[in-house]
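Engineer: please find the sequence and the predicted model below.
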Amino acid sequence: MNSIDRCYIEITNVCNLNCHFCPKHTRAKRQLTLQEFDTLTERIRGRVVFLYFHLMGEPMLHPLLPDFIRMAREKGFRTVLTSNGTLMQRAPELLLSLPHKIQLSLHSHESNGKGILKEYIDEVMQFAMPAAEQDTCVVLRLWNQGGMESENAEVMRLLATYVPQPWHERPDGFRLCTNLYLEFDRKFQWPDAKNNEDENETLRYENENENEDEDENEDANPNNQTAKQRNNETTKQRNNETTNQYFCKALRKQIGVLADGSLVPCCLDHNGDVVLGNLLEQSLDDILSSPRAQALIEGFHRHAAVEPLCQSCESALLNNSFRGKARKQ
């Protein structure tokens, strides 16, 4: 059995913020029970290395988060927590049950325009420093380049009051000190299955209308055959330009589990557009061997995306790199 690098598990799909860069799902609000979490982790136990507490929602809203982390760790998972960092008042208990890695999205502060930046950074660092000292990898993220990034310089100045510069430079940011990192990236673009389907439908409609117009013109004037051939070549060229090559390790190296147990290909399926089964009711192997799952995997082997969601995903474009962008200093 092949191992899966990571599973993104959504312990709650509710969030306390309304970030402009984050899509809004239309699913019913829900959070996992202790029994459901136990069932889900048992069904991927021994198959998944990293368990990410993240998909949609803010995991620190869940009152059982420390218990979930302890349970997952006891089952052999390496746990990773992603949070917006605004609920650090709950951190004391979390410090007693630290995951392998914590990712705090500092760009969420400017996106919401609420609260005083210094107070936010103080709360984050008062948690991040002792967590790093306990050998948890802490990554402070500014994934906002090309978006709302006017606070970045001030964020760095405030961080330097806790860990003075110079910092060790890395391709994606800085190592501030042992186990504590600052990471940059451009504003995240979420895939959208509905928009991609609408675009494909528009293209089909335009092509059909062009063909109808050409047929009418040809009937009226047989000498228009050359013009029709030119139009066909133009249409063919436009279609080729919209045909991309894709590759993704979805279902081979990563999976996502929504708050109702639905299994999706990755962490970007925020609305459950590609539900392949339910891990609360089925085994992982049964879901991965389903026709729809196998079609998705085989499609990527051919550098093709068979699902509209994947066709709209910039991270799935072949040779697309998402790391190491220019930094604001």
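Structural biologist: Looks like it arrived, so ask away. Everything numeric here is computed off the predicted structure, so don't read it as measured data.
Engineer: can you give me the strands in the protein?
Structural biologist: Ranges of strands in the chain, per DSSP state E, are 4-9, 48-53, 78-83, 101-105, 137-145, 168-170, 173-177, 180-186, 254-257, 262-264, 277-278.
Engineer: remind me which residues of the stretch 201-329 of the chain are low pLDDT?
Structural biologist: Low-confidence segments of the stretch 201-329 of the chain (pLDDT under 70): 201-242, 320-329.
Engineer: same check, this time on the stretch 51-200 of the chain
Structural biologist: In the stretch 51-200 of the chain, residues with pLDDT under 70: 195-200.
Engineer: and the helices in it?
Structural biologist: 65-74, 91-94, 107-112, 117-133, 152-160, 193-220 (DSSP state H, counting those that start in this stretch).
Engineer: so what touches the shortest one?
Structural biologist: What it means is helix 91-94. With CB atoms under 8 Å, 6 or more residues apart in numbering as the contact definition, helix 91-94 has outside contacts at 60, 65-66, 69, 126-127. C-betas here are computed from N, CA, C, even on glycine.
Engineer: which of those count as buried?
Structural biologist: Neighbour counting by 16 or more other CB atoms under 10 Å classes 60, 65-66, 69, 127 among the contacts of helix 91-94 as buried.
Engineer: which one of those is nearest N278?
Structural biologist: L65 (22.8 Å; CB to CB).
Engineer: which non-adjacent residue is nearest that closest one?
Structural biologist: Nearest residue to L65, sequence neighbours excluded (CB to CB, 6 or more residues apart in numbering): P59, at 5.7 Å.
Engineer: wait, the one you found touches L81, no?
Structural biologist: Yes. Taking CB atoms under 8 Å as the definition, P59 is a contact partner of L81 at 6.1 Å.
Engineer: do you know how far the closest residue to N271 other than its chain neighbours is from D273?
Structural biologist: Leaving out its chain neighbours, the residue that sits closest to N271 by CB to CB, 6+ apart is H25, at 4.6 Å. In this view, H25 and D273 are 10 Å apart by CB to CB, to the nearest Å.
Engineer: the residue nearest to L65: how many residues sit nearby?
Structural biologist: Around P59 there are 23 other residues, counting by other CB atoms under 10 Å.
Engineer: so what's it up against?
Structural biologist: Contact analysis of P59 by CB under 8 Å, 6+ apart lists 11-12, 53, 65, 81-83.
Engineer: which of those lies closest to G146?
Structural biologist: Nearest to G146 among the contacts of P59, with distances taken as CB to CB, is T82, at 20.7 Å.
Engineer: which residues touch that closest one?
Structural biologist: T82 neighbours (CB under 8 Å, 6+ apart): 52-54, 59, 102-105.
Engineer: try 7 Å this time
Structural biologist: With contact set as CB atoms under 7 Å, 6 or more residues apart in numbering, T82 has these partners: 52-54, 103.
Engineer: from C22, how far off is it?
Structural biologist: T82 is 12 Å from C22, by CB to CB.
Engineer: what does L258 give?
Structural biologist: 16 Å.
Engineer: higher neighbour count, these two?
Structural biologist: L258 (26 against 17).
Engineer: list the contacts of the residue nearest to the more buried one when sequence neighbours are not counted.
Structural biologist: Distance criterion CB to CB, 6+ apart; nearest residue to L258, sequence neighbours excluded, is E10 at 5.1 Å. Neighbouring residues of E10 by CB under 7 Å, 6+ apart: 55-57, 257-259.
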